[in-house]
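[1] Sharing a model that was predicted from the sequence below.
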Amino acid sequence: MIRGKRHPFVGAAVAAAALWVFPSHAQETAAGSAPAPAANQSPPGEVEALRREVEALKTQIEALRARLEVLAAATPPVAPTTAAATGAAPAVAPPPAAPPGPASTTLPPPAAAPSRSPALMNPAISAVFQAIGNTSTGGRTDADGFDLSEAEIAFESVVDPYTKVNLFLSFPAGETPEVEEGVVTTLALPAALQLKGGRFKSDFGRWNTLHTHAFPTVERPAVLESFFGEESLTNDGLSLSWLIPNPWGLFLESVSEAGTARPGPAFNSAERALTWTEHLAASFNPTANASIETGLTAAGGRTGPSVMLLDEIDAAGLSGTLEPDDRLPSRVAGADITWKWKPLQHNKERSFTWQTEVLRSRRDVQTLAGGALVSESIASLGGYTYLEAQWRRRWRYGLRYDLTGAPDSVDARLWAVAGVVRFIPSEFQEIRFEVRHTRLNAEAAALLDADHDDTRVFFEWIPVIGAHGAHAY
């Protein structure tokens, strides 16, 4: 049913029904009634009968209105009839005489389900690609140059009044195309519930749910890459969200997920181990121009041996002798807060955002010591904070600070500072310039096979074509 917008066919049909019903009753009443008493007062019994009849007619009209709205939502516009095209008045059959007594409230049996609208047979299709160039000012040059970092094609459509489908195909540079996200989502579950299934980016914090072209900076924060890998935490499974009713007028949401994680350092997808995620989010408006959003997230599952451990076993010649455990417990928890300011006046030229996330990883690992495998538990901490200001319509300026450890190392540390300028000439394209300086300690440099200090300059161009859906606020 379409709400908030009346179809012209609906209004005309309701008006015609009202004109058909009420004049017939008025004529019948005028023809069958006796001369009015001297005091011009109708008998009480007749007045009560008319009142009941009017109420029954109102009930019928409301039922007709609801049914016509359903038909108008799914039926294409009807071509004008021959009579309407020639200007001739259509023949109207005389209304049937109404039966005596109160009108019946029984409705005719419902009509057959309308055919699917032709508009729903054509999903919204869009394409996004990212052209990225970068260079190091003094470190390694093996990553320098320009390339088409990634192209994305999206297909989005409502299936019926109960479900919708969103499919995102990714074409990374130099890699095999894959389904980045493909989910079916319910639209009509009771009790403010919504279920989705398929492949989706896990609802972990704020940044993890974004596609790469929707990042406010060219690359993702270091803590997310260290804990979840280059493609964020993505699951094949089910997700159930619930808008929690509360007496304070807040937006409270719970998201529960279960599935199999895609390849990454946090969880072992090769062994098809089940992972779970629970996310609680709340938001409110302290003023008319600002909003505060907070969230708590926890995820758990199983992980396998690190790449460093496998290399050490091979170097020691123990590949056939030692078999590392590939179902070690792994947990990641996080907290996030976002403050957004956008004035009601000049809201296209002024805005400010501050976003911070902190993550803690705790996982069991195995190390090689004296020709044997030794188990231990490692806790790592990391996070980022990002500030972005806008004081012109098409320009935004951001600054991000990163600090993170590694999930399988006690001493590894990475620091980074990035500044970005975003030029957005329209909602269909964006150009970014970014400078990032990264510093690693000895353990992190050995673990990542990277320089201790590196400064890189990025250029990114993101055009969009087609009906690309809006991203989450």
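    Received the coordinates, thanks. Numbering: from 1, shown residues only.

[2] For stretch 376-391, list every residue counted as buried.
    378, 380, 382-386, 388, 390 (16 or more other CB atoms under 10 Å). (C-beta placed from N, C-alpha, C; glycine too.)

[3] Can I get those in CSV including secondary structure, distance to Thr185 and pLDDT?
    Shown next, in CSV, are those (DSSP: H, G, I helix; E, B strand; the rest coil; distance: CB to CB, whole Å; pLDDT from 0 to 100):
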residue, secondary structure, distance to Thr185, pLDDT
Ile378, strand, 37, 89
Ser380, strand, 34, 93
Gly382, strand, 31, 96
Gly383, strand, 31, 97
Tyr384, strand, 29, 98
Thr385, strand, 32, 98
Tyr386, strand, 29, 98
Glu388, strand, 29, 98
Gln390, strand, 31, 95
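
[4] will you turn the residues you listed into TSV that also has distance to Leu250?
    Shown next, in TSV, are the buried residues of stretch 376-391 (distance: CB to CB, whole Å):
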residue	distance to Leu250
Ile378	37
Ser380	32
Gly382	29
Gly383	25
Tyr384	26
Thr385	24
Tyr386	24
Glu388	25
Gln390	27
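
[5] which one of these is nearest Gly405?
    The nearest member of these to Gly405, counting by CB to CB, is Ser380 at 3.8 Å.

[6] Now do the longest helix seen in the chain: distance to the chain's middle.
    Using DSSP state H, we find that the single longest helix of the chain is helix 44-74. Here helix 44-74 shows a centroid-to-chain-centroid distance of 41 Å under the convention CA atoms, centre = their mean, to the nearest Å.

[7] average model confidence for that helix?
    Helix 44-74 shows a mean pLDDT of 73 in the predicted model.

[8] helices and strands around it, which ones?
    When contacts are defined as 3 or more CB pairs under 8 Å, 6 or more residues apart in numbering; DSSP states H and E, helix 44-74 sits against helix 8-32.

[9] what mean pLDDT does the helix it packs on have?
    Here the average pLDDT along helix 8-32 is 44.

[10] Likewise for stretch 429-437?
    Taken as a whole, stretch 429-437 has a mean pLDDT of 96.

[11] Can you tell me what sits against it?
    Residues external to stretch 429-437 that are found in contact with it (CB atoms under 8 Å, 6 or more residues apart in numbering): 217-219, 416-425, 453-464.

[12] Go through it and flag the buried ones.
    Judged by neighbour count (16+ other CB under 10 Å), stretch 429-437 contains these buried residues: 430-432, 434, 436.

[13] Likewise for stretch 327-346?
    Buried, per 16+ other CB under 10 Å, within stretch 327-346: 328, 330-334, 336, 338, 340-341.

[14] got it, and stretch 176-193?
    For stretch 176-193, a neighbour-count test (16+ other CB under 10 Å) marks 180-183, 185 as buried.

[15] CSV please, covering these and showing distance to Ala290, secondary structure and pLDDT.
    Shown next, in CSV, are these (distance: CB to CB, whole Å; DSSP: H, G, I helix; E, B strand; the rest coil; pLDDT from 0 to 100):
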residue, distance to Ala290, secondary structure, pLDDT
Glu180, 33, strand, 93
Glu181, 31, strand, 95
Gly182, 36, strand, 96
Val183, 32, strand, 97
Thr185, 30, strand, 97
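
[16] In JSON lines, list those along with distance to Thr277.
    Converted to JSON lines, the buried residues of stretch 176-193 look like this (distance: CB to CB, whole Å):
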{"residue": "Glu180", "distance to Thr277": "18"}
{"residue": "Glu181", "distance to Thr277": "15"}
{"residue": "Gly182", "distance to Thr277": "18"}
{"residue": "Val183", "distance to Thr277": "15"}
{"residue": "Thr185", "distance to Thr277": "17"}
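
[17] picking up where we left off before, taking the contacts of stretch 429-437 one by one, which sit in helices?
    Using DSSP H, no member of these sits in helices.

[18] one step back: just give me the closest of the buried residues of stretch 327-346 to Glu253.
    Nearest to Glu253 among these: Asp336, at 13.3 Å, using CB to CB.

[19] Show me this protein divided up by domain.
    What the record gives for the chain is the domain set 1-32+46-77+98-104, 123-466, from automatic domain parsing.

[20] measure Leu296 to Arg363 for me?
    For Leu296, the distance to Arg363 (CB to CB, to the nearest Å) stands at 20 Å.

[21] of the two, who's got more company?
    Arg363 (24 against 14; other CB atoms under 10 Å).

[22] For beta bridges, what are the partners of that one?
    According to DSSP bridges, Ser330, Ile378 are recorded as the beta-bridge partners of Arg363.

[23] if I read this right, it contacts Ala333, doesn't it?
    No: contact between Arg363 and Ala333 fails when scored by CB atoms under 8 Å: they sit 11.9 Å apart.

[24] Tell me how many other residues surround Ala282.
    16.

[25] need the next SSE after the helix or strand that contains it, C-terminal direction.
    Using DSSP states H and E, Ala282 falls within strand 274-287. Sequence-wise, the next helix or strand downstream of strand 274-287 (DSSP H and E) is strand 290-303.

[26] Quick check: neighbours of that next one in the sheet, parallel or antiparallel?
    With DSSP bridges as the test, strand 290-303 is paired with strand 274-287 (antiparallel), strand 328-341 (antiparallel).

[27] on that earlier part again, now flag whichever of the buried residues of stretch 176-193 is closest to Gly174.
    Glu180 (16.1 Å).

[28] which residues sit in contact with that closest one?
    With CB under 8 Å, 6+ apart, Glu180 has these contacts: 152, 168-170, 199, 211, 234.
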